[in-house]
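Q: Prediction below, plus the sequence it came from.
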There are 2 protein chains.
Amino acid sequence: MKKVINYPYINKRNNTNKSKKTRFSFSNRGMSLEKDLKLTNEYYLEVGKACIHKKPTPIQIVNVDYPNRQSAKIIEAYYTEPSTTDYNGIYQGYYIDFEAKETKSKTSFPLSSIHKHQLQHLEIIIKQKGISFVIIRFVSYNEDYLIQSEKLIKFINENKRKSVPYQWIKENGYIIPNKYTPRVDYLEIINKILNI
Amino acid sequence: MKKVINYPYINKRNNTNKSKKTRFSFSNRGMSLEKDLKLTNEYYLEVGKACIHKKPTPIQIVNVDYPNRQSAKIIEAYYTEPSTTDYNGIYQGYYIDFEAKETKSKTSFPLSSIHKHQLQHLEIIIKQKGISFVIIRFVSYNEDYLIQSEKLIKFINENKRKSVPYQWIKENGYIIPNKYTPRVDYLEIINKILNI
């Protein structure tokens, strides 16, 4: 009899496939940041704390097949570059807007993983008096950081680097507590920043 | 020689095809509400008034073909029901959230065109102290109305109707001025409501 054992590394690979649900998890390890944020936002919604959603992936639809009147099957489509960040919503009257990224690097966060349009979008949100930030997960350390857009953009403008050093993030960002529920309690950091 | 003439009714039909751009327009007539709102939001963004975007259409991706490392072609995907409204963003610190619908009816707006989840979402936004509303275009009259979510939800709860009468919308909503730029200046109505 063939038995599939969910070793941590297999588990981790399964998690990159968004449509499959992992059957076993070793505490918080191996869970993707996207999945953790999904659970976190569902929790915030359920308890009435906030209403923050991930935007659907932007796709350009080229061809749709209609086998019958009820169903439509998209048979040709392409991923397109996002013009905004992935997450936005409202937290007790405050507009919230952020991007979330994982990195396997132990030394720095590569800026190539954030699109130019997304950085421009964060700048616009600052001007519009919204709360905007980036959540970066360092997979190797199992650490999540919240970095305010203002600080990140200032760093990018002042240093012509292609990545943000881990040490800089540690000093200028806020580490997000790793809990069971909610998993990535980033609003706790927002409370600290806003002093509420 | 075959010449294609863009009669108003042809023009109108073309506009339902989002990927095609109409070459002629008879003032504002025939333009879809979605297209008009796209231009309006682009204008707001350009002048730094607000940052409001339409969310991408939610799609469940089933199968992706990778002909080479650079490109990914989605070959099987399906439309899924949205859990939020189509539009959200920020206007000078205020969280904005709305749904936009067109109707060809001259007498009422059919509630079937708004998903149950979307109405629940509007209720959540009210509780979160956001500004939420519905924009309804009566195509026959070339009139756009902004109806605050609070009023619409109250009407739905008090009347067990399947549609909202045109007359009720006329009396309880705000007519949005039809301009050249921005086309559907809904933030002017928000200014009135907020008294700013």
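A: Received, thanks. From a predicted model like this one, the values you see are computed outputs, not experimental measurements.
Q: so A:Ala100, which of the three states?
A: strand (DSSP: H, G, I helix; E, B strand; the rest coil).
Q: Around it, how many other residues sit close by?
A: 22 (other Cβ atoms under 10 Å in any protein chain shown). Using the backbone N, CA and C atoms, a C-beta is placed for each residue, glycine as well.
Q: Point out the residues in chain A that sit beside chain B.
A: Neighbours of chain B within chain A, by Cβ under 8 Å from any Cβ of the partner chain: A:19, A:45, A:48, A:50-51, A:53, A:55-59, A:61, A:71-79, A:83-84, A:88-95, A:97, A:121, A:124-125, A:127-130.
Q: Report the rounded mean pLDDT for stretch A:56-74.
A: Mean per-residue pLDDT for stretch A:56-74: 89.
Q: cool, and stretch A:146-154?
A: For stretch A:146-154, the mean pLDDT works out to 97.
Q: How about stretch A:182-193?
A: Across stretch A:182-193, the per-residue pLDDT values average to 96.
Q: With stretch A:95-102 instead?
A: 97.
Q: Can you mark which positions in the longest helix along chain A are buried?
A: Among the elements of chain A assigned as helix by DSSP state H, the one spanning the most residues is helix A:33-46. By neighbour count with 16 or more other Cβ atoms under 10 Å in any protein chain shown, helix A:33-46 contains the buried residues A:Leu33, A:Glu34, A:Lys35, A:Asp36, A:Leu37, A:Lys38, A:Thr40, A:Asn41, A:Tyr43, A:Tyr44, A:Leu45.
Q: That one: what's the following helix or strand?
A: strand A:51-54 (DSSP states H and E).
Q: Taking strand B:59-65 as reference, get the angle to the helix or strand just after that following strand.
A: Once the chain leaves strand A:51-54, the next helix or strand it forms, by DSSP H and E, is strand A:59-65. Calculated by axes from the mean of the first three to the mean of the last three Cα atoms, to 10 degrees, strand A:59-65 forms an angle of 80 degrees with strand B:59-65.
Q: And strand A:59-65, what's buried?
A: Applying 16+ other Cβ under 10 Å to strand A:59-65 flags A:Ile59, A:Ile61 as buried.
Q: What pairs with it, parallel or antiparallel?
A: Its sheet considered, strand A:59-65 pairs with strand A:73-79 (antiparallel) by DSSP bridges.
Q: hmm, back to that, show me the two of the buried residues of helix A:33-46 that sit farthest apart.
A: Using Cβ to Cβ, the buried residues of helix A:33-46 reach their maximum pairwise distance at A:Leu33 and A:Leu45, which is 18.3 Å.
Q: What about A:Pro165, how many residues nearby?
A: 14.
Q: On the pLDDT front, check the nearest residue to it once chain neighbours are set aside for me.
A: Leaving aside its sequence neighbours, A:Pro165 sits nearest to A:Ser108 (Cβ to Cβ, 6 or more residues apart in numbering or on different chains; 4.9 Å). Confidence at A:Ser108, expressed as pLDDT, is 97.
Q: In this structure A:Ser108 contacts A:Phe155, no?
A: No - with contacts defined as Cβ atoms under 8 Å, A:Ser108 does not count as touching A:Phe155, sitting 11.8 Å away.
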